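[1] Sequence below, structure please.
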Amino acid sequence: MTVLPDPPPDIAPPMDDAPVSDPRARTHRPAWTGRLVPFGAGLLVMLVVVLVAGAVRQPAPALTNRDVQVAIASALASQTPGPPASQLVYQAIRPSIVLIETTSPGAAGKPASGEGTGVVVTAQGEILTALHVVANATAVNLTFADGSRSTGTVTGRDDARDVAVVTPDALPAVLVPATLGNPGAMQIGSDAYIVGNPFGLYGSLSAGVVSGLERSFRDPVTDTVHDGLIQVDAAVTPGNSGGPLLDSGGRVVGIVTALINPTKQDVFIGIGLAVPIDAAGGGAGLPPY
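    Residues are numbered from 1 along each chain as shown. This is a model prediction of the structure:
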């Protein structure tokens, strides 16, 4: 009897013939099944790549001329500085500025004409100005910012402070009272602006700083001493009298009353004086500010 040798222990029967319960068959199946996982993941990756590539290939919408202009305007606007403070101050006060023209008795019986500035300070149209502008006037003519004209009447005066109130006989279609500020907040070095009508040039602006506080001035005509004045180096020339002194916010903090010139000529040499608005308004019969 021939005895066949046992198969070598390291040779496994083919997997197709191995029973399900054969441990060696279970050992090989995960290796075969595992090869499907990378293949499926590869298909998913390829699908994502195709979709992304398709999205990338979508053409961008064409820019219109308007799109380009808007982009340029936006870029320029972001680099353009804002307007200077003096420009904002002028825009705030100009609608309230009034040109005052007067007629008064002159030498040899001939009438004399004069010019000055006023500023609208109430909703009723009352105009604050320097008293010496209208003190001896037999006729007062007013020109408002919109070009409309009216005659006016002096309804309040304070000789000690050289301020007066003029009430127009007819109001303009658009009336813009000025915003009043706090003169106590002004310090030496604070920005100072004056808007008036020098030599009849309507709505002229000059700028400088507060150069002194609590100044006194003796009026060479009336010999009256005015004190508590604000000194500025913003230009004050004939026609500016009665105009507003403004702070950096465009608020009225004073009424221009005089310029100082030792030569006794109406030429500005660097020193102008203004009555603080609280004293000016109260002295002229207006509510205190």
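
[2] Could you use CA atoms for every contact and neighbour count after this?
    Noted.

[3] can you pull out the strands in the stretch 101-250 of the chain?
    Counting by DSSP state E, counting those that start in this stretch, the stretch 101-250 of the chain has strands at residues 111-120, 127-130, 139-143, 149-158, 163-168, 191-196, 204-218, 225-232, 244-246.

[4] what's the fifth one packed up against?
    In this structure, strand 163-168 packs against strand 127-130, helix 131-134, strand 149-158, with contacts taken as 3 or more C-alpha pairs under 8 Å, 6 or more residues apart in numbering; DSSP states H and E.

[5] just the angle between the last one and strand 139-143, please?
    Relative orientation of strand 149-158 and strand 139-143, computed by axes from the mean of the first three to the mean of the last three C-alpha atoms, to 10 degrees: 120 degrees.

[6] What pairs with strand 149-158, parallel or antiparallel?
    Sheet pairing for strand 149-158, assigned by DSSP bridges, gives strand 139-143 (antiparallel), strand 163-168 (antiparallel).

[7] re the thing from before, tell me which of the helices and strands packed on strand 163-168 lies nearest to residue 272.
    Closest to residue 272 of the helices and strands packed on strand 163-168 is strand 127-130 (C-alpha to C-alpha; 13.6 Å).

[8] what pairs with that closest one, and is each one parallel or antiparallel?
    If you go by DSSP bridges, strand 127-130 pairs up with strand 111-120 (antiparallel), strand 163-168 (antiparallel).

[9] quick one, which of those is packed in tightest?
    Stretch with highest mean neighbour count among these: strand 163-168 (a mean of 26; mean count of other C-alpha atoms under 10 Å).

[10] Return, as residue ranges, the portions of this structure with sub-threshold pLDDT.
    Within the chain, the stretches with pLDDT under 70 are 1-60, 80, 264-267, 283-289.

[11] Just want the most central residue of it.
    residue 88 (5.7 Å; C-alpha atoms, centre = their mean).

[12] Show me where the protein has its helices.
    23-33, 36-56, 65-79, 85-93, 131-134, 277-283 (DSSP state H).

[13] so how many other residues sit close to the residue lying closest to residue 137 once chain neighbours are set aside?
    Computed as C-alpha to C-alpha, 6 or more residues apart in numbering, the closest residue to residue 137 that is not its neighbour in sequence is residue 104, at 4.4 Å. Counted with other C-alpha atoms under 10 Å, residues neighbouring residue 104 total 16.

[14] hang on, isn't residue 104 packed against residue 138?
    Yes - counting by C-alpha atoms under 8 Å, residue 104 does reach residue 138; the two are 5.1 Å apart.

[15] Adding distance to residue 179, write the strands of the stretch 101-250 of the chain out as TSV.
    Shown next, in TSV, are these (distance: least, C-alpha to C-alpha, whole Å):
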stretch	distance to residue 179
strand 111-120	9
strand 127-130	13
strand 139-143	20
strand 149-158	20
strand 163-168	17
strand 191-196	14
strand 204-218	17
strand 225-232	19
strand 244-246	10
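
[16] Compare those strands and report which one is nearest to residue 61.
    Across the strands of the stretch 101-250 of the chain, residue 61 has its closest neighbour in strand 204-218 (51.6 Å, C-alpha to C-alpha).

[17] Give the buried residues for the closest one.
    205, 206, 207, 208, 209, 210, 211, 212, 213, 217 (16 or more other C-alpha atoms under 10 Å).

[18] Could you check how far the third one is from residue 177?
    The reference is to residue 207. According to C-alpha to C-alpha, to the nearest Å, residue 207 and residue 177 sit 22 Å apart.

[19] How many neighbouring residues does residue 110 have?
    Residue 110: 9 neighbours (other C-alpha under 10 Å).

[20] Tell me who's in contact with residue 218.
    Contacts for residue 218 (C-alpha atoms under 8 Å, 6 or more residues apart in numbering) come out as 224, 225, 226.

[21] got the contact list for residue 175?
    Residues in contact with residue 175 (C-alpha under 8 Å, 6+ apart) are 95, 96, 123, 125.

[22] From the residues you listed, keep the buried residues only.
    Among these, those classed as buried by 16+ other C-alpha under 10 Å are 95, 96, 125.

[23] List just the nearest of the residues you listed to residue 241.
    Nearest to residue 241, judged by C-alpha to C-alpha, of these is residue 96 at 15.3 Å.

[24] returning to that earlier point: same list (the contacts of residue 175) but as a markdown table, adding distance to residue 166.
    Below are the contacts of residue 175 laid out as a markdown table (distance: C-alpha to C-alpha, whole Å):
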| residue | distance to residue 166 |
| --- | --- |
| 95 | 17 |
| 96 | 14 |
| 123 | 13 |
| 125 | 9 |
